Each structure stands twice: as structure tokens, then as C-alpha cells.
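Enquirer: the following block contains a protein sequence and its predicted model.
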Amino acid sequence: MHRTHTIAAVSYANTFPFVYGIENSQMIDNFQLQLFPPAGCAASFAAGDADIALVPVGALPTLSGYRIISEYCIGGVKEVKTVLLLSNKKIKDIRSIGLDHESATSVKLVKIFARHHWHIQPAWQVMEVCNPEAYQQTDAVVAIGDKAISLSKKFLYQTDLAAEWRNFTGLPFVFAVWICRNDLPAAMENSFSAALQYGIDNISKVVEKYKTRLAADFDLEGYYQHNIDYHLDKEKKQSLQKFLTFVAEIV
């Protein structure tokens with residue numbers, strides 16, 4: 001009996017080109033596409049539900065039985081606009097940071113910066129950052145995805161974590177990679193990569209389909225062209241290894 005495979009993708013705007021490519025390729029005939037916050041994608045793969053998943057790189061040390069696939073990722077060469085440390089104090093004066101419970105990567109990244117780059121020792125508090133009663137209890141909050149777009153207007157200082165990684169290491173940053181189970185057929189992997197490529201090649205159609213889901217003043221096309229970088233190249237792979245080395249120290 002033919003088995004339908006499952007793809008777990010992130011439900012944020014940075015993944016819309018991938019979603020568009022999957023939904024508009026023949027590949028979707030053999031797959032069920034499910035959308036989650038980043039942490040949900042990792043949980044789906046860990047539970048054995050997803051055969052392919054877009055996983056936050058901060059969650060990779062907790063997973064097994066996978067391989068990284070495709071030449072695509074969610075990355076940033078400079079500012080990404082949607083992974084931010086927001087505060088009303090300068091970094092040197094921050095004593096507490098609220099952590100977005102939906103992301104393993106940004107949480108670990110801000111802890112790396114605190115220890116090795118900013119040289120501060122804040123108290124950490126996991127929270128639902130969209131809840132004003134929660135984020136007002138800390139000096140700063142980490143916000144990711146679409147929620148960072150709206151929350152950024154409420155704070156005096158914005159630190160873009162991808163740009164901060166570039167300042168710290170001189171490298172681009174990788175937020176999430178596609179992984180699959182080790183037994184996924186190579187032909188299926190090739191079809192999947194082609195679907196992702198189709199989405200990247202049709203950004204204007206992606207913008208037209210999804211632009212109403214975000215704030216009217218958010219430049220979605222500019223975001224795809226200038227902030228998110230989807231290519232998992234040699235430099236990003238080097239950056240990923242450096243990040244995971246730091247993560248091993250704080251886990």
C-alpha cells in the first residue's frame with residue numbers, strides 16, 4: 001500500500017517561498033504538508049510524524065536518524081528583520097531577557113552572544129512574547145518570525161541577531177535547514193529540492209499570494225530579496241558548524 005509522506009514546514013513568512021514551491025509542484029501529490037512554528041517542526045520530526053522537516057538548527061543536537069538535504073535553508077547574510085532582541089535598555093544594561101518559546105535557534109544564539117560577545121549575565125525567562133504582561137516583566141525579549149515585525153514598534157532598541165552574528169564571526173547565519181529521514185529515497189529528495197527551487201524562482205507570485213497575511217506596510221518582496229538568503233552555500237555550512245560548536249558549550 002502506498003504511504004503518504006509528511007513534510008513539516010515553518011508557518012512564518014520566511015518560509016512562504018518553500019511552501020509555494022511544494023504546493024505548486026507535483027511533489028505534493030505524494031506528500032502531506034503541515035505547518036508549525038519552528039519548534040513544532042523539530043517536535044514533529046522527533047516524534048516520527050514528519051519525513052522531511054524544516055528544523056531550527058538549534059534543535060539539531062536533540063535529533064537523530066536524519067541527514068541535511070537540499071541546497072536551501074533559512075539564512076541571512078546581514079539583517080533579517082524577523083529575528084530580533086528588543087529592549088528599552090542598551091545591551092550593557094540588560095539584566096533579564098524573555099525568550100520566545102517557539103524557537104530553539106534564537107534562544108541559543110542570544111545566550112551565545114550574552115556569554116561571548118556582549119559579556120552580560122542576564123536572567124532568562126521562557127515566555128509567550130506576544131503577551132504584554134509577559135514581555136513587560138523583562139528588560140528585553142527575543143522575538144522571531146512575523147510577531148517580530150509588529151513587536152519591534154513597541155521597543156526603543158532593536159538588535160538584529162543575524163547582523164549581530166555577522167559582527168561577531170564575520171559569517172552569515174543559518175536559522176533552519178531541511179532534514180529528512182535516512183531512508184528517504186534519493187529520487188524523492190531530488191523532487192523535493194526541485195520544488196523548493198520552483199518557489200525561489202517565483203518570488204513575485206509568492207508575494208502576490210501571501211502579502212495580505214502581514215502588516216500592510218511590510219515590504220514582503222524586499223524582505224525576500226534583501227533580508228532572507230535561501231542558499232545553503234559553503235560559507236553558511238561553515239557558520240553552522242561554528243554555531244553548533246558554541247551550542248555544545250551551553251547545552
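Expert: Cool, the structure landed.

Enquirer: what distance do you get for the residue lying closest to residue 218 once chain neighbours are set aside to residue 168?
Expert: Leaving aside its sequence neighbours, residue 218 sits nearest to residue 149 (CB to CB, 6 or more residues apart in numbering; 5.7 Å). For every residue, glycine as well, the C-beta is placed using N, CA and C. Distance of residue 149 to residue 168, given as CB to CB, to the nearest Å: 24 Å.

Enquirer: ok, now residue 120?
Expert: Residue 120 is 14 Å from residue 168, by CB to CB.

Enquirer: which of these two has more neighbours?
Expert: Legend: neighbour count by other CB atoms under 10 Å for residue 120 and residue 168, higher for residue 168 (18 against 14).

Enquirer: quick one: contacts for the more buried one?
Expert: 113, 116-117 (CB atoms under 8 Å, 6 or more residues apart in numbering).

Enquirer: cutoff 6 Å now
Expert: Contacts for residue 168 were tallied using CB atoms under 6 Å, 6 or more residues apart in numbering; they are residue 117.

Enquirer: and residue 37, what pLDDT?
Expert: Per-residue confidence (pLDDT) for residue 37: 89.

Enquirer: confirm for me that it is in contact with residue 103.
Expert: No - taking contacts as CB atoms under 6 Å, residue 37 lies outside contact range of residue 103: 7.7 Å.

Enquirer: give me the more crowded residue out of those two.
Expert: Higher neighbour count among residue 37 and residue 103: residue 103, with 27 against 19, using other CB under 10 Å.

Enquirer: specify the local secondary structure of residue 129.
Expert: When classified by DSSP: H, G, I helix; E, B strand; the rest coil, residue 129 comes out as coil.
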